[in-house]
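Undergrad: build me a structure from this.
(2 chains)
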Amino acid sequence: MRVGSIAIGRSGDKGDTLDLTLVALDDNGYAHLESQLSQAVAQKAVSRVMPGTLTRYTVPGLRALKFVVDGALPGGVYASLHAGLHWQKAATWVLLDLEIDDV
Amino acid sequence: MDFRVVAGGAGFAGDRCDPAVELAASREVDALALECLAERTLVPGLRARAANPQAGADPRLERRLGPLLPVARANGCRIVSNLGAANPAAAGRQIAALGARVNCDDLRVASLTGDDVLGMREHIKWNQDISGELLGAHAYLGATSFAAAIDEGAHVIVTGRVADSALFSAELFPILQDHEHALAGATAVGHLLECSGQITGGNFEMPDGSSLSAWEFANLSFPMAKVFADGTAEIHLLDGKPGRLDALTCTLQLLYEVHDPGCYITPDVILDMTQIQFDEIGPNRVRMSGARSKGQPTHLKVSGFVDEPGLIADIEIGYAGTYALKRGQLAADTLRLRLADIPQEHLRIDLVGIDSTLGAASLTSPTSLPEVRMHVSARCDDAQMAQIIEDEVYSLTLSGPAGGGSVRSERRANLAVVDGLIPRERVEPELHWETAS
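TA: Residues are numbered from 1 along each chain as shown, chains lettered A, B, ... in the order given. Sure thing, here's the model as predicted:
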């Protein structure tokens, strides 16, 4: 199953740091994401697309996971070689489109 | 319990102007905050100020405030904004003059200076080495630095760099209970409202792909909050207005651009978000509670801008019709051969419609597309090198796959944003007053 079938997400950035938020729609979904999307799994997924070191934070009270990638956007937004500016607004689909075990 | 109502009338420099007017006209809003200054938005202002000491405020200032000032004034709604950008004192004078032109004769405008800390760079500790020219250095000031302007009855408060959430929380200082968790709540409210439509259904999609309709996006209402003395709040929309505001939209916005949710550092308070709760208490109305303080930081964050040598050339060429995808791929392969001597870390070639955004994490490609655009970006030493790469793309129209066209190109300055810290006692915020007459 896709992560994005049980969660919603949003990307943000500050300087060269990318942050990805996932919010599960219910408690079971949160527990499943928390066990499936370990820091190592998420690091491997983002490393296909960007440099940097990923740290995971959990916010169980809001059924949310945060993945913060330090150094993901070297030089900040203006230094990007992507087409146009702000490609990272779509970066949350790196996680939303990740396949994980079924619930 | 005492309360005040704050609202978010803009979430970035280019945001829509009409939602703020609607909020101001409602008579329900005590203060309308307009967040118009992203990290990099300051840079054009710095360049303008270098050329003219009276320039450097947001160039959209009059377009945004012209229609808004009379409505806000007539409805008792204060305006708080970082539209001052690189020159808040000049922005204060400009707003007072604008006030006189739009019949707000008694308009009192306070401007806040002190965020520009380029002159005290010996006290700034940068988190990386700076190689190019430092264009500017601005500290994030807190609400404590301009809350006095609320007590003194400013109709408009204009700032340069301040924490976005402070544009909202300053209005709440007069009513907040004397405990730091109340300030944490007010700061969380500011953080929730500062990106306008991002908490009311914008940039939001459910797992089944559903979202607001085009009509709702086009008429999206911006958020407001009734904030109580203990720092709890009701986040909501104007009654009956289009948008979606629920626990999910609030959660995504709360955590937006936050790193450690247990330790979100703002100038006024270190905010612990981990115990925050959102309860849906009515249509498009959510109660927020549980914000906690972990004290006040000893240092303020500084954003610096470094003009690095060189530039980035960003060019596209389009292909359409049968075999368009094949021709786009062929164009990319051809260009890779032509630009083989450019170091790979300074070059990116991909296909818009296939992999230009997510690269290797893109979904599996289709075998054909009605049209596709090949994109190339390169980090160039100078304008001449950018010209060579642009010309190589244009040359594909004669010497490459059939039917290449719709070429567009742009050049971007190679500008880096660097972060640093400055001891808070080094920074000297100051309020200045102007009156429309």
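Undergrad: please, which helix or strand holds the residue positioned nearest the centre of chain A?
TA: The centre of chain A sits closest to residue A:20, judged by CA atoms, centre = their mean, with a distance of 3.8 Å. Taking DSSP states H and E as the criterion, residue A:20 maps to strand A:17-24.
Undergrad: in the stretch 51-200 of chain B, which spans are helices?
TA: All helices of the stretch 51-200 of chain B, identified by DSSP state H, counting those that start in this stretch, fall at B:61-74, B:88-101, B:148-151, B:166-169, B:180-193.
Undergrad: who touches the fourth one?
TA: Contacts made with helix B:166-169 from outside it, assessed by CB atoms under 8 Å, 6 or more residues apart in numbering or on different chains, are listed as B:6, B:8, B:31, B:33-35, B:80-82, B:141-143, B:145-146, B:159, B:183, B:186-187, B:189-190, B:193-194, B:225, B:266-268. The way it works is simple: take the backbone N, C-alpha and C, and place the C-beta from them, glycine included.
Undergrad: going through those, which ones are buried?
TA: With burial judged by 16 or more other CB atoms under 10 Å in any protein chain shown, the buried subset of the contacts of helix B:166-169 is B:6, B:8, B:31, B:33-35, B:80-82, B:141-143, B:145-146, B:159, B:183, B:186-187, B:189-190, B:193-194, B:225, B:266-268.
Undergrad: count the neighbours of the spatially closest residue to residue B:319 that is not a sequence neighbour for me.
TA: Excluding the flanking residues, the one nearest residue B:319 by CB to CB, 6 or more residues apart in numbering or on different chains is residue B:327, at 4.4 Å. Using other CB atoms under 10 Å in any protein chain shown, residue B:327 has 22 other residues around it.
Undergrad: and the pLDDT for residue B:327?
TA: At residue B:327, the pLDDT value in this model is 98.
Undergrad: what comes up buried for the one helix or strand it maps to?
TA: In the assignment (DSSP H and E), residue B:327 maps to helix B:324-338. Neighbour-count burial for helix B:324-338 flags B:324-325, B:327-332, B:334-335, B:338 (criterion: 16+ other CB under 10 Å).
Undergrad: check stretch B:146-161 too.
TA: B:146-147, B:149-150, B:154-161.
Undergrad: so which bits of the stretch 151-300 of chain B are right by chain A?
TA: Within the stretch 151-300 of chain B, the residues that sit near chain A (CB under 8 Å from any CB of the partner chain) are B:198, B:203-207, B:248, B:251-262, B:273-278, B:290.
Undergrad: quick one on the thing from earlier: among the buried ones among the contacts of helix B:166-169, which are in strands?
TA: B:6, B:8, B:31, B:33-34, B:80-81, B:225 (DSSP state E).
Undergrad: within range of chain A, give me the residues from the stretch 1-150 of chain B.
TA: Within the stretch 1-150 of chain B, the positions near chain A by CB under 8 Å from any CB are B:39-40.
Undergrad: in the stretch 1-150 of chain B, what residue comes closest to chain A?
TA: In the stretch 1-150 of chain B, the residue that lies nearest chain A is residue B:40 (6.4 Å; CB to the nearest CB).
Undergrad: check contacts around that residue.
TA: Counting by CB under 8 Å, 6+ apart, residue B:40 touches A:76-78, B:305, B:415, B:417.
Undergrad: and the residues you listed, which two are the farthest apart?
TA: Farthest apart among the contacts of residue B:40 by CB to CB are A:77 and B:305. That separation is 12.0 Å.
Undergrad: direction included, what does the longest strand seen in chain B pair up with?
TA: Ranked by residue count, the top strand of chain B under DSSP E comes out as strand B:299-320. Applying DSSP bridges to the sheet, strand B:299-320 is found paired with strand B:133-139 (antiparallel), strand B:371-380 (antiparallel), strand B:405-423 (antiparallel).
Undergrad: just those: most buried one?
TA: For the strands paired with strand B:299-320, the largest average neighbour count (mean count of other CB atoms under 10 Å in any protein chain shown) is found in strand B:371-380, namely a mean of 24.
Undergrad: quick one: that one to helix B:324-338, angle?
TA: 20 degrees (axes from the mean of the first three to the mean of the last three CA atoms, to 10 degrees).
Undergrad: let me know the angle separating whatever helix or strand comes next after strand B:371-380 from strand B:371-380.
TA: For strand B:371-380, the succeeding helix or strand toward the C-terminus, using DSSP H and E, is helix B:383-399. Going by the same axes, to 10 degrees, helix B:383-399 is angled at 150 degrees with respect to strand B:371-380.
Undergrad: quick one: mean pLDDT for helix B:383-399?
TA: Mean pLDDT, helix B:383-399: 97.
Undergrad: and it with chain A, contact?
TA: No: using CB under 8 Å from any CB, helix B:383-399 never reaches chain A; the gap is at least 11.9 Å.
Undergrad: just the residues contacting that helix, thanks.
TA: Residues contacting helix B:383-399 (CB under 8 Å, 6+ apart): B:311, B:313, B:315-317, B:331, B:334-335, B:338-339, B:342, B:376, B:378, B:380, B:404-405, B:407, B:409, B:411.
Undergrad: what residues are up against residue B:408?
TA: B:315-316.
Undergrad: strands paired with the strand or helix carrying residue B:287, and their directions?
TA: Per DSSP H and E, residue B:287 falls inside strand B:285-289. Looking at strand B:285-289 with DSSP bridges, its partner strands are strand B:233-236 (antiparallel), strand B:277-282 (antiparallel).
Undergrad: possible to save those as TSV with mean pLDDT?
TA: Output for the strands paired with strand B:285-289, formatted as TSV (pLDDT from 0 to 100):
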stretch	mean pLDDT
strand B:233-236	98
strand B:277-282	98
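Undergrad: and the ones you listed, which is most packed in?
TA: Per residue and on average, the most neighbours among the strands paired with strand B:285-289 fall to strand B:233-236, with a mean of 24 (mean count of other CB under 10 Å).
Undergrad: after it, which helix or strand is next?
TA: Note on strand B:233-236: by DSSP H and E, the next helix or strand toward the C-terminus is helix B:247-254.
Undergrad: so what touches stretch B:250-258?
TA: A:8-10, A:12-14, A:19, A:21, A:23, A:59, A:62-64, A:66, B:188, B:191-192, B:195, B:198-199, B:204, B:235, B:261, B:264, B:273, B:276, B:278, B:286, B:288.
Undergrad: swap in stretch A:70-86?
TA: For stretch A:70-86, using CB under 8 Å, 6+ apart, the contacting residues are A:13, A:15-18, A:46, A:50-55, A:87-88, A:91, B:39-40, B:308, B:312, B:314, B:316, B:346-348, B:350, B:352, B:356-357, B:375, B:377-379, B:412-417.
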